[in-house]
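K.L.:
After the sequence you'll find the predicted model.
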Amino acid sequence: MSLAGAESSALLSAELKERIEGFQRDEVTEYRIYRMLARASGNDPNGQVLSKMADQELGHYRFWRSHTGIDASPSLLKVWSYYLTARIFGLTFAIKLMEGREEDAIRTYRDLTGRIIDIDKIIADEERHEMEIIALLKEERLHYLGSIVLGLNDALVEFTGSLAGFTFALQDTRIIAAVGSIMGVAAALSMGASEYLSQKADPGGQKPIKAALYTGIAYILTVFILVVPFLLIGNPFTALAVTLLFAVGIILCFTFYTSVAQDLPFGRRFLEMAALSLGIAGVSFLIGLMIRMFFQVDV
């Protein structure tokens, strides 16, 4: 083992070797992930970037192997989980999620400074080079993330409020689901058209048709998720409670996604969006109560 100095005891040496073998497994696992993603991307620019990342991880693996003198096998569970995450949610999200674990590795590497030769080069790679390569990735979905946010936010804020109002005003899950679906589809088309006109009026904006599609699809998918409880549950108030839980779940997942993909703070953005959606739902519920009493609605 190429150490800057001899270890003081066999126990410490064995412990250090075990830690290095863990680093070695992590590097070969990341090498396999990047290699699989590069092959899936083909010869496009992203494939070339991923190949460079794979080569870097392979170099790190060989560095640690030179200290342990043994080969290591990748974690196939991690390989496939990150690979599928990248295919479903995008390269940038998956890679940033994976590289977020490197912060812990960097802290551990620093503890070994002076004990392992050339570790400073590995630390420099982890801190700088990988993030520089990630910046070279080009993903369409990130360019249209603003359009997706527009559709999703509007659906959550507006539609949760509408369903809350319908719940007390109508108190029939089938009618609420029908009215909500009609309103949701109409609103999705309206939002898509508005985004189309907005992008078309902006010379430096995104492609209008694609932006409209991203906005409309995000809206209508959110509507579908929020309406489902009213199709499956007979009690309208229970259905509304489940819908609100779904809304919080959507906010949680999407806020986490954007926080990772765009390096944004998670906690404050989640609380802000959840407070808006649930607050408007509460006000709409009260409005539904007043409308029911004023118009004497009895469905």
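P.N.:
Yep, that arrived.

K.L.:
any idea how the protein splits into domains?
P.N.:
What automatic domain parsing lists as the domains of the chain is 10-138, 141-295.

K.L.:
can you redo these as JSON lines with mean pLDDT and mean neighbour count?
P.N.:
Any C-beta I mention is one placed from the backbone N, CA and C, and that applies to glycine too. Below are the domains of the chain laid out as JSON lines (pLDDT from 0 to 100; neighbours: other Cβ atoms under 10 Å):
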{"stretch": "domain 10-138", "mean pLDDT": "78", "mean neighbour count": "16"}
{"stretch": "domain 141-295", "mean pLDDT": "81", "mean neighbour count": "18"}
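
K.L.:
What distance do you get for Arg269 to Ala38?
P.N.:
Separation of Arg269 from Ala38 (Cβ to Cβ, to the nearest Å): 32 Å.

K.L.:
Check Glu57 too.
P.N.:
Distance of Glu57 to Ala38, computed by Cβ to Cβ: 11 Å.

K.L.:
repeat for Lys78
P.N.:
Distance, Lys78 to Ala38, by Cβ to Cβ: 17 Å.

K.L.:
ok, now how distant is Ile123 from Leu221?
P.N.:
Between Ile123 and Leu221 the computed distance is 43 Å (Cβ to Cβ).

K.L.:
re earlier: any residues in contact with both of Glu57 and Ala38?
P.N.:
Counting by Cβ atoms under 8 Å, 6 or more residues apart in numbering, Glu57 and Ala38 have no common neighbour.

K.L.:
what's the distance between the residue sitting nearest the centre point of the chain and Ile148?
P.N.:
The chain has Tyr257 as the residue nearest its centroid, 2.1 Å off, counting by Cα atoms, centre = their mean. Tyr257 sits at a distance of 10 Å from Ile148 (criterion: Cβ to Cβ).

K.L.:
now Ile220
P.N.:
Distance from Ile220 to Ile148, by Cβ to Cβ: 12 Å.

K.L.:
still on that earlier bit, help me confirm that the residue nearest to the centre of the chain is found in a helix?
P.N.:
Yes. Assessed by DSSP: H, G, I helix; E, B strand; the rest coil, Tyr257 belongs to a helix.

K.L.:
Surely it touches Thr92?
P.N.:
No. Judged on Cβ atoms under 8 Å, Tyr257 makes no contact with Thr92 at a distance of 10.3 Å.

K.L.:
overlap in contacts of those two?
P.N.:
With Cβ under 8 Å, 6+ apart, Tyr257 and Thr92 have no common neighbours.

K.L.:
rewinding a little: give the contact list for the residue nearest to the centre of the chain.
P.N.:
Going by Cβ under 8 Å, 6+ apart, Tyr257 touches Phe89, Phe93.
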